[in-house]
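Undergrad: curious how this folds, go ahead:
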Amino acid sequence: MILSRILEHKRAELRRKQSRGYLSDLKARMRDVPAPMGFAVALDATRTATSPALIAEVKKASPSLGLLRPEFEEKFDHLGIARTYHDSGASALSVLTDKDFFRGSLDYLRDIKRAVPLPALNKEFMVDDIQFYEARAYGADAVLLIVAALERRQLMDFHALARELALDVLIETHHERELDTVLEWIPEARMIGINNRDLKTFTTDLGVTKRLVPRIPPDKLIVSESGIHTREHVAQLLDVGVHAMLIGESLIRAEDTGAKIRELRGVQAATPA
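TA: All right, here's what the predicted structure looks like:
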């Protein structure tokens, strides 16, 4: 199972970071980082009747596909990608920071937050308190909690720690049982993510979102993740009541990223005056 392998690597990676000096350094860096932007507020403010808010993902590779573009082996222009997303109408960013499986970096997050005026999600497999201080120190506005990766107590404690650090939280679910856990044990959760990707096989199915949305209370922001490639997919999400969509691969692999974003959002390109 891919998720189990990722989590095992992540825990080993974090054991090497366990020192009082590292945490102190992160806390010192946090004092020089601007206060987080409102991630959930940005999504709520930019969604419309014809398009969910877009969380555009800065992503170099994936476990199933490897590098998403061959030229990334030589150069991964994370700042250029993030700026294109901003200029093309993205509501927020998601930045992969896992090194071993997604070839990401916390440095990408730091650079992007310094250069691009959009709220950013630290897309990471959170399994230890230290990662929340890393996220804050490197400029994140929100973090991801994957229900499938955490025990219930961890999930609750991590949500509380994130909010203590003024970070918004996207809680990712994959099926009814996980969703019910969130709704019962973290009723104050604002953003509920529904990942259409099976973390055992890495295949995607938008039917997961369609099945779970009716179970979610109206006061939640619903984010559909993975498997969103066409305007028809977006229309299906709108029909069931999705508020935001997190998209990475179809944007990264598009020949014209701006045009792909306009297609997904149902927006016409501006015509010259």
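
Undergrad: distance of Pro63 from Glu184?
TA: Going from Pro63 to Glu184 by CB to CB, to the nearest Å gives 31 Å. From N, CA and C alone the C-beta is placed, and that goes for glycine too.

Undergrad: same question, Glu225
TA: When Glu225 is compared with Glu184 (using CB to CB), they lie 22 Å apart.

Undergrad: so these two - more neighbours on which side?
TA: Glu225 (27 against 9; other CB atoms under 10 Å).

Undergrad: I'd like the mean pLDDT over stretch 70-85, please.
TA: Mean pLDDT, stretch 70-85: 96.

Undergrad: pull out the buried positions in stretch 224-244.
TA: 224-229, 233-234, 236-238, 242-244 (16 or more other CB atoms under 10 Å).

Undergrad: kindly report the same for stretch 183-191.
TA: Within stretch 183-191, the residues scored as buried using 16+ other CB under 10 Å are 183, 186, 189-191.

Undergrad: convert it to CSV, retaining C-alpha atoms only.
TA: Extracted C-alpha coordinates of stretch 183-191, given in CSV (Å, rounded to 0.1, in the frame of the first residue of the first chain):
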residue,chain,number,x,y,z
LEU,A,183,-18.0,15.2,11.8
GLU,A,184,-18.3,13.5,15.2
TRP,A,185,-15.0,14.3,16.7
ILE,A,186,-14.0,17.6,15.1
PRO,A,187,-17.4,19.3,14.6
GLU,A,188,-15.7,22.7,14.4
ALA,A,189,-13.7,21.7,11.2
ARG,A,190,-14.3,24.2,8.5
MET,A,191,-12.9,22.5,5.4
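
Undergrad: strands of the protein, start to end?
TA: Per DSSP state E, the chain carries strands over the ranges 53-58, 61-62, 66-67, 92-96, 120-123, 142-146, 168-173, 191-195, 221-225, 244-247.

Undergrad: and the ones you listed as JSON lines, adding distance to Ala12 and mean pLDDT?
TA: Output for these, formatted as JSON lines (distance: least, CB to CB, whole Å; pLDDT from 0 to 100):
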{"stretch": "strand 53-58", "distance to Ala12": "25", "mean pLDDT": "98"}
{"stretch": "strand 61-62", "distance to Ala12": "20", "mean pLDDT": "93"}
{"stretch": "strand 66-67", "distance to Ala12": "22", "mean pLDDT": "94"}
{"stretch": "strand 92-96", "distance to Ala12": "19", "mean pLDDT": "98"}
{"stretch": "strand 120-123", "distance to Ala12": "20", "mean pLDDT": "98"}
{"stretch": "strand 142-146", "distance to Ala12": "18", "mean pLDDT": "98"}
{"stretch": "strand 168-173", "distance to Ala12": "22", "mean pLDDT": "98"}
{"stretch": "strand 191-195", "distance to Ala12": "24", "mean pLDDT": "98"}
{"stretch": "strand 221-225", "distance to Ala12": "26", "mean pLDDT": "98"}
{"stretch": "strand 244-247", "distance to Ala12": "27", "mean pLDDT": "98"}
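
Undergrad: nearest to Arg211, out of those strands?
TA: Across these, Arg211 has its closest neighbour in strand 191-195 (8.8 Å, CB to CB).
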